[in-house]
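# Turn this into a structure:
(chains A and B)
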Protein chains: 2
Amino acid sequence: MYELDARGVVVRERRAALGIQRITDGRFADALATLCGDALSQAVPVLACGMIGSRQGWVEAPYCDCPAGIDAIAGALTAVPGTALLIAPGLMVRDAAGVADVMRGEETQILGALPDRPVDQSLYVLPGTHSKWAIAGAEGILTFTTFMTGELYAVLRDHSILGRLAVAGVDNGAFDRGVRMSLREQAALTHDLFSARTLPLTSELASEGVGDYLSGLLVGAEISAARAWAAGNSAAAAGVTLVGEAALCERYRRALTIAGVETVQGSPVAAARGLWRIAQHAGMLPS
Amino acid sequence: MYELDARGVVVRERRAALGIQRITDGRFADALATLCGDALSQAVPVLACGMIGSRQGWVEAPYCDCPAGIDAIAGALTAVPGTALLIAPGLMVRDAAGVADVMRGEETQILGALPDRPVDQSLYVLPGTHSKWAIAGAEGILTFTTFMTGELYAVLRDHSILGRLAVAGVDNGAFDRGVRMSLREQAALTHDLFSARTLPLTSELASEGVGDYLSGLLVGAEISAARAWAAGNSAAAAGVTLVGEAALCERYRRALTIAGVETVQGSPVAAARGLWRIAQHAGMLPS
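Numbering: from 1, shown residues only, chains lettered A, B, ... in the order given. From the prediction side, this is the model:
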């Protein structure tokens, strides 16, 4: 929860383990009250984004089709009956195979990470359970694509033979090695993953490095596929803006540097800035 | 456990949940006695292959380097002290990136699946947790490669959001669709996996089809990478021999047919035939 002053500056921030998977019996209103406290009783706009607007959330907010400008997003807010809360829409786009891709919450972070007056289109990377790569600029969010990198890492680490062989540890060199393995032309992820099993077997990788090596393989595969996806778009020629949690972004910065891609770190309060901009464009703020 | 007569014909077969992960306190001898019963007391050769020879097994059997002829394999049996048991070696090969790849047990199945007098080199596919593709012929097993297809399927089905969205069901059409998705030129597995999330969201795939669609995506990715691996070898031009459990081989036959690859089904007792051939070449049988 971010509380912003009249100029859009974050004056208070609160985090709580109240994601939609923690809410039982539909007690979303209680969670909102817990998060916001006194702020809710003031006559200020209350905006949310992300999974709270999913089918499993409080009230389902529709998806806007890409390309989606900020006015389209701000014009598609969904009100939660009986509350002051408005939920931002998610975004949907069709990939080259005609399959829908979706995001919820990241669209708001991207809007918040955009410069005040964007000139060119640019690449935004939001690492996570379902990593997003988006092309955005003055026109809003043009297109995006998803990679299940974080979820694959979690299930392989926690439930596969690769995780059973791993010993806790931090090994940046192993991470880099995994990235390079996946960036090579002949890379094939479902084969290369097995190297996280065989390299320790032949004493060519320490057990303490298996986790980071696995992470590198997956992040490298994401970067390789994302570059193919972005190829041909003018945004691909420039560097990328990383948006998200600092330690995870640092990991992607390492990997992207190996791939020869320059990175800049986006605003640490991109979500708050994005919600502010949506509220502005929705006419909810005094101009 | 297979019991073979003097001509190498399987006269008895017994299966039990006595894999190495079920054995506690190193009670391998008890498991062997349970499996073999009276047969052990006869003065006959007793041969095993697979994970029983791994570091986590009874006695570690070394890996033979590829190419490995049947004489090399038969010459590298490891005796288990205090028993009549001999364990076949595993195989090791270095892939194009210089990383070790390994198999244990599949080498014996491949030897058993080879024709009596192989003429050309040919492709053998052994689907499973860690699927193996091998090129073998008169010279034995030339090379092979591993794909973690089965394990990826299991962890994604049991522990990811894709599994949570799936409803039990059989849907061959969904399987075929997943295969085609992964066979297309622009395929990118960590992105395409997300389509198993979005297609049901947009009502373009029934929840009952998610499991088979996911399976198709993974098998298709394996076939695509395996064909790139085999490209340039004369064996790649011919069809492949499928070795393993019938239902799983049928699934691969479907997928390979979509990819335009002809298949033949290998011997259903390939492991028993392979052990027999190893025993022959080790001079353990009356000639």
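
# interface residues of the stretch 1-150 of chain A facing chain B?
A:55, A:95-97, A:99-102, A:130, A:145-149 (C-beta under 8 Å from any C-beta of the partner chain). From N, CA and C alone the C-beta is placed, and that goes for glycine too.

# Now do the contacts for the residue nearest to residue A:146 when sequence neighbours are not counted.
Take residue A:146 and drop its neighbours on the chain: the residue closest to it by C-beta to C-beta, 6 or more residues apart in numbering or on different chains is residue B:194, 4.6 Å away. Contacts for residue B:194 (C-beta atoms under 8 Å, 6 or more residues apart in numbering or on different chains) come out as A:101, A:130, A:146, A:147, A:148.

# Could I get the phi/psi values of residue B:194?
phi -70, psi -20 (degrees, to the nearest 10).

# So for it, what's the pLDDT?
The pLDDT attached to residue B:194 in the predicted structure is 98.

# same check, this time on residue A:233
87.

# For it, give its distance to chain B.
Separation of residue A:233 from chain B (C-beta to the nearest C-beta, to the nearest Å): 15 Å.

# that older thread, list buried residues within the residues of the stretch 1-150 of chain A next to chain B.
A:95, A:99, A:100, A:101, A:102, A:130, A:145, A:146, A:147, A:148, A:149 (16 or more other C-beta atoms under 10 Å in any protein chain shown).

# got a markdown table for the residues you listed, with pLDDT, secondary structure and distance to residue A:120 too?
Formatted as a markdown table, those follow (pLDDT from 0 to 100; DSSP: H, G, I helix; E, B strand; the rest coil; distance: C-beta to C-beta, whole Å):
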| residue | pLDDT | secondary structure | distance to residue A:120 |
| --- | --- | --- | --- |
| A:95 | 94 | coil | 23 |
| A:99 | 97 | coil | 28 |
| A:100 | 98 | strand | 27 |
| A:101 | 98 | strand | 23 |
| A:102 | 98 | strand | 26 |
| A:130 | 97 | coil | 26 |
| A:145 | 98 | strand | 19 |
| A:146 | 98 | strand | 23 |
| A:147 | 98 | strand | 24 |
| A:148 | 98 | coil | 29 |
| A:149 | 98 | helix | 27 |
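
# out of these, what pair is the most spread apart?
Taking C-beta to C-beta, the two most distant members of those are A:100 and A:149; they sit 19.3 Å apart.

# list the contacts for the closest residue to residue A:93 other than its chain neighbours?
Using C-beta to C-beta, 6+ apart and skipping the chain neighbours, the partner closest in space to residue A:93 is residue A:66 (4.0 Å). Applying C-beta under 8 Å, 6+ apart, we find residue A:66 in contact with A:91, A:92, A:93, A:141, A:142, A:143, A:144.

# who does the one helix or strand the fourth one maps to touch, helix- and strand-wise?
Counting by DSSP states H and E, the element that carries residue A:141 is strand A:140-147. Based on contacts counted as 3 or more C-beta pairs under 8 Å, 6 or more residues apart in numbering or on different chains; DSSP states H and E, the elements that strand A:140-147 packs against are helix A:70-74, strand A:90-94, strand A:100-103, helix A:106-113, strand A:131-137, helix A:210-230, helix B:189-192.

# need the contact list for the most centrally placed residue in chain A.
Nearest to the mean C-alpha position of chain A, counting by C-alpha atoms, centre = their mean, stands residue A:126 at 3.5 Å. Residue A:126 sits next to A:106, A:109, A:110, A:132, A:133, A:134, A:242, A:243, A:244 when contact means C-beta under 8 Å, 6+ apart.
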